[in-house]
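> Structure of the sequence below:
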Amino acid sequence: MRIPARAIVYVATLAAAALCSVVCSALHASFLGIDQISIFCVFVILAVLAEVYATWIPTYNWEISSSIAIYLATVFILGVNLAVLLVFLSSLLSEMFLRWRSEDESAASGLLAITFNVSQLVVTVTLAGLLLQALQRQSLDVAAISDFGLAIAAFGVYFVANLSFVIGIVTLTESKTFIASLADSIRQFFVQYLVLCVSALLLAALYSISVWHVLLALFPLTLVHVSFRGYVKLQTEARNTFERISQLLDARDHYTAVHSMEVAELAVKIGREMGLGQREIEQIDVAARVHDIGKVAVPDSILLKPGKLSEEEWVKMREHPVISAELIAGIEIYSPVAKAVRHEHERWNGTGYPDGLKGEEIPLLARIIAAADIYNALSTDRPYRKAFNEEETIRLIQEMAEAELDPAVAAALLRVIEAMPAEQVTDMTESPIRTEA
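Below you'll find the model as predicted:
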């Protein structure tokens, strides 16, 4: 993938700031005794391990690591200068180790990733440490109530800066909205970051007793890391399982499996065109990929019938969104989108199924998926008819606005279609079935 020039400038600016911070810290840093040297070495090892075994968040396409607690604790215990050196050393070691193991990226993209990841962490810790320095505190011993207030303030700076730098590069490379993505990420990750801040305070408090008491905090810190990693893994595996079931429909109805993937891709584009937040975008993607999973309960004689369905067969076919919603409702990752899956076949004028909802009674996510679903159905071959061409499809979508489709969603869909490269639209209308490698 070609990296935008503005993203390269952004990373270069961060790298320059980080380099200045590292040089300045190296000139002013000093250890006050063997205890500080010992805790520095222990924290470097822990931070490297935490970075190497960071938890990947598929929804946001980045990782979260318990090293946050280590970095904040270093600021509290050793001060900003030693904290900057520790972050630079541990993040660089972990990045080099991870990139050395990876064979999936070019040297240029790997170097850019290392530069960004190390630089943004260094600058983030620098900002948190400078706040304490501005308040005339080189370190915190967590002995007074005021120390907790200062720690929370430093945590706030770290939290916002860290998310801002990461979202900054995402918005520059993926054309997402910065403010909306930042607000959504703060809501999503505040609790996880807060727990890690409390862990940092625990490390600082134990260090005030002795350096070896810090080791007592390793168990709860490891437990937090493993629990969160396991939670995300369970959600990811659940999602993969249901998507795999949806794809297994390919064995019966090749159109349905490919259709769900294409609907998801288009629905996500519509959601972004409407300015929805990243969390809602992810919910659209999750729901759209399994919106037809209930067709596993539809007999082959109906699902694969080459002609039009009888009224009795339509009754059976119309049960599939209810079955889809029931299948996924008990799974945590899908429970927020179960209503969207159930009502994806509702229509703006109330003529849809299964519940005959109309207008804004229909969940917004369902209205978006419905628009993508209808576009895909019109522009692909079906057992009973050939695909409509691009002009006919657009005309039909325009006619459906304010009748079957939410007019705002239909307008967003038309803008997305207009912005599509010509060859992509051609692929959707002429080659509806694609084999995934």
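> mind giving me the domain split of this protein?
Domain ranges of the chain: 5-221, 252-430, per automatic domain parsing.
> Dump the ones you listed to TSV, plus distance to Ser227.
C-beta coordinates here come from the backbone N, C-alpha and C atoms, glycine included. Below are the domains of the chain laid out as TSV (distance: least, Cβ to Cβ, whole Å):
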stretch	distance to Ser227
domain 5-221	10
domain 252-430	15
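> will you turn those domains into a markdown table that also has mean neighbour count?
Shown next, in a markdown table, are those (neighbours: other Cβ atoms under 10 Å):
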| stretch | mean neighbour count |
| --- | --- |
| domain 5-221 | 18 |
| domain 252-430 | 18 |
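> Redo the ones you listed as CSV? Include mean pLDDT.
Listed next are the domains of the chain as CSV, based on pLDDT from 0 to 100:
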stretch, mean pLDDT
domain 5-221, 85
domain 252-430, 83
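> ranges for the helices of the stretch 101-250 of the chain?
Applying DSSP state H, counting those that start in this stretch to the stretch 101-250 of the chain gives helices spanning 107-134, 145-174, 178-207, 218-248.
> among those, which is nearest Ala69?
Among these, the nearest to Ala69 by Cβ to Cβ is helix 178-207 (3.9 Å).
> Packing partners of the closest one?
helix 67-78, helix 145-174, helix 218-248, helix 278-289 (3 or more Cβ pairs under 8 Å, 6 or more residues apart in numbering; DSSP states H and E).
> now the angle between helix 107-134 and the second one, please.
The reference is to helix 145-174. 150 degrees (axes from the mean of the first three to the mean of the last three Cα atoms, to 10 degrees).
> re earlier: looking at the helices of the stretch 101-250 of the chain, which is closest to Ile64?
Ile64 lies closest to helix 178-207 among those, at 6.3 Å (Cβ to Cβ).
> and the angle for the closest one with helix 278-289?
Counting by the same axes, to 10 degrees, helix 178-207 lies at 110 degrees to helix 278-289.
> Using TSV, please lay out the helices of the stretch 101-250 of the chain together with distance to Val268.
Listed next are these as TSV, based on distance: least, Cβ to Cβ, whole Å:
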stretch	distance to Val268
helix 107-134	24
helix 145-174	11
helix 178-207	14
helix 218-248	14
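> can you tell me the distance between the two ends of stretch 338-349?
Terminal residues of stretch 338-349 are spaced 22 Å apart (Cα to Cα, to the nearest Å).
> wait, what's in contact with His343?
Counting by Cβ atoms under 8 Å, 6 or more residues apart in numbering, His343 makes contact with Pro321, Gly352, Pro354, Asp355, Leu357, Ile362, Pro363, Ala366.
> Gln36 now?
Listed by Cβ under 8 Å, 6+ apart, the contact set of Gln36 reads Ile77, Leu78, Leu82.
> cool, and Ile369?
Neighbour list for Ile369: Val263, Ala267, Ile284, Ala287, Ala288, His291, Ala340, Glu344 [criterion: Cβ under 8 Å, 6+ apart].
> now Leu135
Applying Cβ under 8 Å, 6+ apart, we find Leu135 in contact with Leu150, Ala153.
> Look up how far Ala205 lies from it.
19 Å (Cβ to Cβ, to the nearest Å).
> same question, Ala371
Taking Cβ to Cβ, one finds Ala371 at 55 Å from Ala205.
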